[in-house]
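# Pasting the sequence and the predicted model now:
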Amino acid sequence: MNRIKISGVLRKIFLCFIASAISIGSLCSAVLATEGGGCAYPNGAEGSLAAALPPPGLYYINYLVHYASDRLDNKNGDKVPIDFHARVSANASRILYMSDKEILGGQLGAYGIVTLMNASANTSMGSKTKSGLGDLTVGPVLAWHFNKNLHAATALDITAPVGEYNKNDIINLGRNYWTFEPIVGVTYLGDNGIELTTKFMYDFNTKNNATDYTSGQEFHIDYATGYQVGSWKFGAEGYFYKQVTNDHGAGAAANDGNKGQVFAAGPAVKYDFKTGGFLELKYAKEMFVENRPEGDKFLCKLVIPF
């Protein structure tokens, strides 16, 4: 692999994730899917009760995420032979407002997410660390409570490129393009304490005018299973990501469109506060990775009603 391809890989690492149900989000390479490694949304950020939205009111949701990767995988799932170590930590604050208004029988709400990040890379091409504001996400949401067991929600994440970006850097806090992400989620809460939750997302990305590169469309799912015991819930959570259309730009055609994929799974535990809200901790191990970094993700989610 020559120097041009390696430097392209390193520029393309950040950010495939970081923050929450949320989104946040750099150059085309012959190895990684989409610019930044793919996905403005931080896969796995949501889990338990993702589609069982709360009653009317104002809520604060904090997401703390740490991602660590020491390898890049190519389109065959094999490790790219370069020295690579990356770490990303983010703290995202989401304000969620659920109104008492209804549209199509669903409860209307809206949210905004602001993310502070620290990203670092240590590679054979050099080292770099950045801290600051990531991209901004806002959107409307509709929630349905069909009965005490079955809940659903739909939303539209709109991620604006406000984070710091330089096409010549190996890491970036922003992605320098807009992402529009329709969302559908379903949560089932059984009388026996079982929970099953899925959150389906599909991303449409605009062109990065700094690089003349357009990332492909992306399909991804957050999932959660759990069993409630008193105030505690124990289970397994994770995510699946698959890029479904080709990237367009320099280097994409040579790598079959730079399509990426990843599956992740791990344990999760949740504690419900008596005053409302909850705290959730989880770990996700990535596997079956193609055209992306492969690593480990640690997440903490705190929900506080006002």
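Yep, that arrived.
# now the strands for the stretch 151-300 of the chain?
In the stretch 151-300 of the chain, the segments counted as strands under DSSP state E, counting those that start in this stretch are 179-189, 194-205, 207-208, 213-214, 218-229, 232-243, 261-272, 278-290, 292-305.
# Quick check: which ranges of the stretch 201-306 of the chain have low pLDDT?
Residues of the stretch 201-306 of the chain that meet the criterion pLDDT under 70 lie in 253-256.
# one more time with 80, if that's ok
Residue ranges of the stretch 201-306 of the chain with pLDDT under 80: 250-258.
# quick revisit: single out the most deeply packed of the strands of the stretch 151-300 of the chain.
Greatest average neighbour count among the strands of the stretch 151-300 of the chain goes to strand 213-214 (a mean of 22), per mean count of other CB atoms under 10 Å. Every C-beta, even on glycine, is put in place using the N, C-alpha and C of the backbone.
# which helices and strands sit right next to it?
Other helices and strands packing on strand 213-214, by 3 or more CB pairs under 8 Å, 6 or more residues apart in numbering; DSSP states H and E, are strand 207-208.
# Number of residues surrounding Y111?
Neighbour count of Y111, defined by other CB atoms under 10 Å: 21.
# just checking, it touches Y97?
Yes. At 7.1 Å, Y111 counts as touching Y97 under the criterion of CB atoms under 8 Å.
# mean confidence score for the longest strand seen in the chain?
Identified as the longest strand of the chain according to DSSP state E is strand 84-103. Strand 84-103 comes out with an average pLDDT of 95.
# Grab the nearest non-local neighbour of G295.
In space, and not counting its chain neighbours, G295 is closest to S69: 3.1 Å by CB to CB, 6 or more residues apart in numbering.
# Check whether that neighbour really touches K285, as I assumed.
No. S69 is not in contact with K285 according to CB under 8 Å; the separation is 11.6 Å.
# Just want the most central residue of the protein.
Most central in the chain under CA atoms, centre = their mean is P42, positioned 1.3 Å from the mean C-alpha point.
# so that one is in which element?
For P42, there is no host helix or strand (DSSP states H and E).
# Do you know the pLDDT at it?
P42 carries a pLDDT value of 89.
# still on that earlier bit, now do the shared contacts for S69 and K285.
D296 (CB atoms under 8 Å, 6 or more residues apart in numbering).
# for A152, what are its contacts?
51, 143-144, 146, 184-187.
# Could you dump those into TSV with pLDDT and distance to Q217 added?
Shown next, in TSV, are those (pLDDT from 0 to 100; distance: CB to CB, whole Å):
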residue	pLDDT	distance to Q217
A51	96	23
A143	98	26
W144	98	26
F146	97	30
V184	98	16
G185	98	19
V186	98	22
T187	98	26
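# and of these, the nearest to L104?
L104 lies nearest to W144 out of the contacts of A152, by CB to CB, at 8.7 Å.
# Pull the residues that contact the helix or strand where that closest one lies.
If you go by DSSP H and E, W144 is part of strand 136-145. The list of residues contacting strand 136-145 from outside it, by CB under 8 Å, 6+ apart, reads 19, 22-24, 40, 51-53, 96, 98, 103-115, 151-160, 162-163.
# Can you go through these and name the buried ones?
Among the contacts of strand 136-145, the ones that count as buried by 16 or more other CB atoms under 10 Å are 19, 22-24, 40, 51-53, 96, 98, 106-109, 111, 113-115, 151-155, 157, 159, 162-163.
# With adjacent residues omitted, what lies nearest to K297?
Leaving aside its chain neighbours, K297 sits nearest to A284 (4.5 Å; criterion: CB to CB, 6+ apart).
# Confirm for me that that neighbour is in contact with G238.
Yes. The criterion here is CB under 8 Å, and A284 meets it with G238 at 5.2 Å.
# Overlap of the contact sets of the two?
44, 264-266.
# Tell me which two in these are the farthest apart.
Pairwise distances across those peak at 9.6 Å for G44 and A265 (criterion: CB to CB).
# Pull up the overlap in contacts between those two.
Shared contacts of G44 and A265 (CB under 8 Å, 6+ apart): 237-238, 284.
# Which member of those is positioned nearest N168?
The closest of the shared contacts of G44 and A265 to N168 turns out to be A284 (CB to CB; 31.5 Å).
# Distance of the closest one relative to V80?
Distance, A284 to V80, using CB to CB, to the nearest Å: 22 Å.
# what residues are up against the residue nearest to K297?
Neighbouring residues of A284 by CB under 8 Å, 6+ apart: 44, 237-239, 264-266, 296-297, 299.
# Between those, which sits nearest A119?
K297 (14.1 Å).
# quick revisit: I'd like the shared contacts of G44 and A265 laid out as TSV, including distance to D222.
Shown next, in TSV, are those (distance: CB to CB, whole Å):
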residue	distance to D222
E237	8
G238	8
A284	10
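# Among these, which one lies nearest to T225?
Nearest to T225 among the shared contacts of G44 and A265: E237, at 7.3 Å, using CB to CB.
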